[in-house]
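1. Structure for this input, please:
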Amino acid sequence: MRIDIRGINLPLSDGLERHTRDRLTHALAGMEPATLVIAVRLSDVNGPRGGADKLCHITATARRRPPLVVQNLHADAYVAIAGAAAKLRRAVLRQWRPRRWRALRRIAAAVRRRLRGRRFLATTAG
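-> Below you'll find the predicted structure:
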């Protein structure tokens, strides 16, 4: 996994870069393809005026997969990064998970519902 971090109108400290790498590796642990490329752009939208203006924009691309783009806006850059990393994890699970696993989960859930109904009927009838 390759992570490219850049600051736009926002100085990047070593701590901020380390936090970004930690959040992304933690969010994508065990699920990232080997060819995953992540571009992180941190920007200060309002400049010196303050407010909820730290924007974390993350683009994840992998071979043979559609690119995923997530962003999070918050007053604190660390919180914006953590929120965007969590959104990226959900997007990867939703978009890049194999379709057959989703179909198998739906089938398993239907089977569980039917079995639950049978157990209920068996216990009340007996």
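
2. and the nearest residue to R2 once chain neighbours are set aside, what are its bridge partners?
-> The shortest distance from R2 to any residue other than its chain neighbours is 5.0 Å, reached at V37 (CB to CB, 6 or more residues apart in numbering). In this view, the C-beta of every residue, glycine as well, is placed from N, C-alpha and C. Taking DSSP bridges, one obtains R2, T61 as the residues bridged to V37.

3. what does I8 give?
-> Under the criterion used here (DSSP bridges), I8 is bridged to S43.

4. for the chain, what are the low-confidence residue spans?
-> Where the chain drops to pLDDT under 70, the residues are 32-34, 50-51, 97-102, 117-126.

5. per the record, what domains does it have?
-> When the chain is parsed with automatic domain parsing, its domains come out as 2-95, 99-126.

6. quick one: the helices in the chain?
-> Counting by DSSP state H, the chain has these helices, from start to end: 14-27, 77-95, 99-125.

7. State the distance from R6 to L28.
-> Applying CB to CB, to the nearest Å, the value for R6 to L28 is 19 Å.

8. Correction: the previous question concerned R114.
-> The value you get for R114 to L28, if CB to CB is used, is 36 Å.

9. Let me have the domains of the chain in a markdown table, adding mean neighbour count as columns.
-> Putting those into a markdown table (neighbours: other CB atoms under 10 Å) gives the following:
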| stretch | mean neighbour count |
| --- | --- |
| domain 2-95 | 16 |
| domain 99-126 | 9 |
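
10. Alright, calling it a day.
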